[in-house]
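> how would this look folded up:
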Amino acid sequence: MRIVIVGQQAFGKAVMEAFLARGDTIAGVFAAPERPGARPDPLVAAAEEKKLPVHRFPKYSDPEAQNALRACDAEIGVMAYVLLFAPPEFCAIPKHGMIQFHPSLLPLHRGPASIPWAIIRGRKETGLTIFRPTPGLDEGPVILQKRVTVGPDDTAASLYFDKIFPLGVEALVQAADLVAAGRAIESTQDEDEATYEGWVREAESKINWANHVDFVYDLIRGCNPAPGAWTTLKSEEGDKKLYLFDAKKVMAPTFGSVRGKKLGEIVSAGPEGIRIHCQGGFIDCSRVKIGDGAKIKASDAGLEAGTILGS
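Below you'll find the predicted structure:
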């Protein structure tokens, strides 16, 4: 097939390479413009190395972008990690239109941060969806879905890179074949089941130590590696943000074992990291970040037993 890749980053690169590996022709690559100071986009770098046509338009609604896509004479467009809005007139240009990847079981977790939110909400299962792009955000007809288990210690990074990423590449190739062969069954999403979440920002990633340890742990791993679940740490210079990353949950009847300790209190600190008192257990954390600093071992952060976080 003659295929156009619309996407960016490592996922877009892997999808492009999957089609090339089986002998398809990449008629063009469309990627977002490079931001000043940003690292080179892996998809763009790989496409340029292979001497493939690369287009970087700020808006796919621009006539120049649509003319460039039309000139590709593609059978299908494959959208692999796209943050720019693609209007219907752009998506309709390839012979069989476009298909798009989303890392959740739509209509659950529409929006830009579906993987973190699946973990933060404590889901035991999520997955990915290949669907038809429409003007509504992640609302188009579903072509196929694949499910993955959310492990009890999965982070946003492990859930994406180890599970959803490789399965998503396979699913886009499978869906492209179904659409091109006229065998795709497109199903309308059930709006009664739909959820939408935006980016996980400062307000959403703040730890409430009054919550049960289950909720605290899900927040920490859902925000790992970014943006990082955070709490406050008192210092001589004033309150600082303390971000918690690599963590484990320890279930324990904490009332008797930590009598007199407060929620959010560091009950021990050592070479392995810190242990923090929670409702129903403890959070053991081995990697942290203070303020705008780098991620470091918790044992190197100068955190002491008796320190009360979030107060």
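> Which parts of the stretch 101-250 of the chain are strands?
125-131, 142-149, 229-233, 240-244, 247-251 (DSSP state E, counting those that start in this stretch).
> Tell me what angle the third one forms with strand 247-251.
Orientation note: strand 229-233 sits at an angle of 80 degrees relative to strand 247-251 (axes from the mean of the first three to the mean of the last three Cα atoms, to 10 degrees).
> how far off strand 240-244 does strand 229-233 point, in degrees?
Calculated by the same axes, to 10 degrees, strand 229-233 forms an angle of 140 degrees with strand 240-244.
> So what touches strand 229-233?
202, 205-207, 209, 216, 219-220, 222-223, 239-244, 264, 290, 303, 307, 309-311 (Cβ atoms under 8 Å, 6 or more residues apart in numbering). C-beta: built from backbone N, CA, C; applies to glycine.
> got it, and the last one?
Residues outside strand 247-251 that contact it (Cβ under 8 Å, 6+ apart): 153, 213-214, 217, 220-221, 224, 275, 280-286.
> The residues you listed in helices, which ones?
Judged by DSSP state H, the subset of the contacts of strand 247-251 located in helices is V213, D214, Y217, I220, R221.
> so how far is G168 from the third one?
Right, the one you point to is Y217. Look at Y217 and G168: by Cβ to Cβ, to the nearest Å, they are 26 Å apart.
> So between those two, which is more surrounded?
Y217 (27 against 24; other Cβ atoms under 10 Å).
> Return the residues in contact with that one.
A247, K249, I283.
> so can I have a markdown table of those showing pLDDT?
Formatted as a markdown table, those follow (pLDDT from 0 to 100):
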| residue | pLDDT |
| --- | --- |
| A247 | 98 |
| K249 | 97 |
| I283 | 97 |
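> Please dump the residues you listed into TSV; it should also carry distance to A269 and neighbour count for every row.
Output for the contacts of Y217, formatted as TSV (distance: Cβ to Cβ, whole Å; neighbours: other Cβ atoms under 10 Å):
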residue	distance to A269	neighbour count
A247	14	24
K249	18	20
I283	13	25
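> still on that earlier bit, filter the contacts of strand 229-233 down to just the buried residues.
Buried members of the contacts of strand 229-233, scored by 16 or more other Cβ atoms under 10 Å, are 205, 207, 209, 216, 219-220, 222-223, 241-244, 264, 290, 303, 307, 309-310.
> Can you show me the helices along the stretch 151-300 of the chain?
Using DSSP state H, counting those that start in this stretch, the helices of the stretch 151-300 of the chain run over 156-158, 165-180, 213-222, 254-257.
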